[in-house]
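> how would this look folded up:
(one chain, ligands or ions: 1)
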Amino acid sequence: MDSIDFDPADTPAWSRLSALAASHGNDSISDYFRDDPERPERYSLRVGELYLDYSKNRVSDAIFSALMDLAEQSPLSSRREALFAGDIVNPSESRPALHTALRHPQGAKPEIRDAIRAEQEKLRFYSEGVRDGSWRGATGKAFTDVVHIGIGGSELGPRLACQALREFRTPGITLHFLANVDGAEVNTLLARLNPETSLVIVASKTFTTRETRLNTDTVMSWLARGLDRDDPQATSHVLGVTAGAPEALAFGIPEKQILGFWDWVGGRYSLWSAVGLPVAIAIGYEPFSQMLSGAAHMDAHFRTAPHEHNMPVILALLGLWYSNFLGAPSHCVVPYCERLGLLPAYLQQLDMESNGKAVTLDEHVTGYRTGPIVWGQTGTSAQHAFFQLLHQGTHLVPVDMIAAVRDNLSSRRHHRVLLGNMLAQAAVLMAGNNSAELPAHRRYPGNRPSNTLLLDTLSPANLGALLALYEHKVFTQASLWNINPFDQWGVELGKKLAAQLMDDGEQSLAGLDPSTRDLLDHLEL
Ligand code: F6P
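Numbering: from 1, shown residues only. Now for the predicted structure:
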């Protein structure tokens, strides 16, 4: 990686953007359209089967060009090359971040390429075996249910993809996801499953995450009883997915049933590795590969397209404009597709665990805002929940609206209403209605920005491209803010204290604050 000594606020582009924000930050988006009939064409972009309309932003040509200057004056280009080249881009853990190689192994160094291909063959073997019944349970029965245990990046990606790609799922195998350590969920799920026909996937990069280990223990006890075996983890019912093979082996999973990945795959970037096993079981290995190819297509676009025609770079700069110059603390994601209902949660981890940081790569506290608070829900439901605030509240909230142009699972009638609502909301957020004839409480200030992102269809390839688009948006913003998007030290302290509270009993009370001690008295731990 190039020099880590960079402060975006010292660039000429940043100063120019500050001046533009002061003089033109409240200019009317509607006026931009009035003054430029070609704005919809100029402020839109197609990459494969994804179409982005970013014309409804508080961005004039001068602002757009200053944002592009910022990208040029930042280390983005060299950091992007470092990312794809497999250089150490995660210095606090001394690691590369090579999730892009999982989608395009042929472009990676030979040893990485061969390692990826070997694990992909295992992924193919087990996903096909479970699907065609050749990999079956200890009592000879084919698997009808798959219980995937994992949390954070070891759950959000595969769960989102299984839900989003429901159209492509083969009937006969039901997927279940156990992430939270909430025993009520675990017990309720297990009560309705048959151990003889249940396959358990334990997905954990480290294989040490406490929530996953406890859930796994409970599921193993259930399997042991159901199969009348004292070593259920050694049976065909259990597959491990991990970068910590020694821990999985020590737990008793046979080596051949451990699908590996590597420390250079970040947890929240691991859907593309063997962590995607439930997706391959649900839709088949070939469609799973299409998801990887769709992501690879977005990778190639991100790597080669000039910044002003580069979808992730454009989204990143727009986000930065609102966050750093117009004071927007959050970013809202509203998929107009129920099957993308988990996308906001997935993007919360991707964005907030990556860019929720206040220290730069060169160990300085940033003097500017970094990653936004990401939130959202599917439309139209969101309209009946929080759109009131988007339209008339006191916060400026940029919104990404996402939809599939064609939906084979819906009907023309429903799809028309769904997408009509999306168009109407984006239009009204921008245009508002400030008529003086209306009482103040019925006025809409308008001038509220949104992007509209259209997928031709919600196919495996397009889902892959969509998720890679957001990955690269996050990476671009991290490069502009000079932060490391690939570590997550902020989650460690809480984990440590929870472990102490559970393991050390009375001893751990010594250093506790009075509020926590008092709460402990109210609980039965
Ligand atoms: O919350 C921290 C974190 O390390 C995430 O980054 C990760 O996705 C999750 O925990 C689960 O970790 P593991 O896959 O090692 O169980």
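
> any idea how far residue 161 is from residue 270?
12 Å (CB to CB, to the nearest Å). Using the backbone N, CA and C atoms, a C-beta is placed for each residue, glycine as well.

> tell me the secondary structure for residue 45?
strand (DSSP: H, G, I helix; E, B strand; the rest coil).

> wait, does the helix or strand harbouring residue 472 make contact with the ligand?
Assigned by DSSP states H and E, residue 472 belongs to helix 460-481. No. Using CB under 6 Å from any ligand atom, helix 460-481 never reaches the ligand; the gap is at least 13.6 Å.

> for that helix, list the C-alpha coordinates in PDB.
Provided in PDB are the C-alpha atoms of helix 460-481 (Å, rounded to 0.1, in the frame of the first residue of the first chain):
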ATOM      1  CA  PRO A 460     -27.900 -14.800  -8.800                       C
ATOM      2  CA  ALA A 461     -25.500 -12.800 -11.000                       C
ATOM      3  CA  ASN A 462     -27.300  -9.500 -10.300                       C
ATOM      4  CA  LEU A 463     -27.400 -10.100  -6.600                       C
ATOM      5  CA  GLY A 464     -23.700 -10.800  -6.700                       C
ATOM      6  CA  ALA A 465     -23.100  -7.500  -8.600                       C
ATOM      7  CA  LEU A 466     -25.300  -5.600  -6.200                       C
ATOM      8  CA  LEU A 467     -23.400  -6.800  -3.100                       C
ATOM      9  CA  ALA A 468     -20.000  -6.200  -4.700                       C
ATOM     10  CA  LEU A 469     -21.200  -2.700  -5.700                       C
ATOM     11  CA  TYR A 470     -21.800  -1.900  -2.000                       C
ATOM     12  CA  GLU A 471     -18.500  -3.600  -0.900                       C
ATOM     13  CA  HIS A 472     -16.600  -1.300  -3.300                       C
ATOM     14  CA  LYS A 473     -18.600   1.800  -2.300                       C
ATOM     15  CA  VAL A 474     -17.500   1.100   1.300                       C
ATOM     16  CA  PHE A 475     -13.900   0.500   0.200                       C
ATOM     17  CA  THR A 476     -13.900   3.700  -1.800                       C
ATOM     18  CA  GLN A 477     -15.200   5.700   1.200                       C
ATOM     19  CA  ALA A 478     -12.600   4.100   3.500                       C
ATOM     20  CA  SER A 479      -9.800   5.200   1.000                       C
ATOM     21  CA  LEU A 480     -11.200   8.700   0.900                       C
ATOM     22  CA  TRP A 481     -11.400   8.900   4.700                       C
END
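
> what about the helix or strand just after that helix, average pLDDT?
The C-terminal neighbour of helix 460-481 among helices and strands, as given by DSSP H and E, is helix 492-504. On average, the pLDDT along helix 492-504 is 89.

> ok, for the residue in the stretch 401-525 of the chain positioned nearest to the ligand, nearest residue in space, not its chain neighbours?
Going by CB to the nearest ligand atom, the ligand is nearest to residue 491 of the stretch 401-525 of the chain, at 4.3 Å. Excluding its sequence neighbours, the residue lying closest to residue 491 (CB to CB, 6 or more residues apart in numbering) is residue 353, at 7.4 Å.

> could you report the neighbour count for the one you found?
Residues lying near residue 353 (other CB atoms under 10 Å) number 22.

> now it: phi and psi?
Residue 353 adopts backbone torsions of phi -80, psi -20, taken as degrees, to the nearest 10.

> that one contacts residue 489, correct?
No. Residue 353 is beyond contact range of residue 489, at 10.5 Å (criterion: CB atoms under 8 Å).

> just checking, next helix/strand downstream of whichever helix or strand residue 123 is part of?
Using DSSP H and E, residue 123 sits in helix 110-132. For helix 110-132, the succeeding helix or strand toward the C-terminus, using DSSP H and E, is strand 145-149.

> so what does the helix or strand hosting residue 82 touch, helix or strand wise?
Secondary structure assignment for residue 82, by DSSP H and E: helix 76-85. Counting contacts by 3 or more CB pairs under 8 Å, 6 or more residues apart in numbering; DSSP states H and E, helix 76-85 is packed against helix 285-304, helix 460-481.

> turn those into TSV, columns for mean pLDDT.
Formatted as TSV, the helices and strands packed on helix 76-85 follow (pLDDT from 0 to 100):
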stretch	mean pLDDT
helix 285-304	98
helix 460-481	99
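
> return the most buried member of the ones you listed.
helix 460-481 (a mean of 25; mean count of other CB atoms under 10 Å).

> how about residue 157, nearest residue that isn't a chain neighbour?
Nearest non-adjacent residue to residue 157, counting by CB to CB, 6+ apart: residue 271, 2.9 Å away.

> I'd like the distance from stretch 65-77 to the chain centre, please.
25 Å (CA atoms, centre = their mean, to the nearest Å).

> outside of it itself, which residues are in contact with it?
Residues outside stretch 65-77 that contact it (CB atoms under 8 Å, 6 or more residues apart in numbering): 2-3, 6, 8, 11-14, 16-17, 20, 59, 307-308, 313, 317-318, 320-321, 476, 479-480, 482.

> one more time with 7 Å
Under the contact criterion CB atoms under 7 Å, 6 or more residues apart in numbering, stretch 65-77 has outside partners 2, 6, 8, 11-14, 16-17, 20, 307-308, 313, 317, 321, 476, 479-480.

> among those residues, which ones are buried?
6, 8, 11, 13-14, 16-17, 20, 307, 313, 317, 321, 476, 479-480 (16 or more other CB atoms under 10 Å).

> which residues in the stretch 201-350 of the chain form strands?
238-242, 258-260, 330-335 (DSSP state E, counting those that start in this stretch).

> pick the most buried one from these.
strand 238-242 (a mean of 28).

> residues contacting the residue lying closest to residue 274 once chain neighbours are set aside?
What sits nearest to residue 274 in space, not counting adjacent residues and going by CB to CB, 6+ apart, is residue 259, at 3.7 Å. By CB under 7 Å, 6+ apart, residue 259 lies in contact with 119, 122, 123, 126, 239, 240, 241, 274, 277.

> and of those residues, the nearest to residue 290?
Of all those, residue 123 has the smallest distance to residue 290: 14.1 Å, by CB to CB.

> that closest one reaches residue 280, doesn't it?
Yes. Using CB atoms under 7 Å, residue 123 makes contact with residue 280 at a distance of 5.8 Å.

> on that earlier part again, of the strands of the stretch 201-350 of the chain, which is nearest residue 105?
Closest approach to residue 105 among the strands of the stretch 201-350 of the chain is made by strand 258-260 (14.3 Å; CB to CB).
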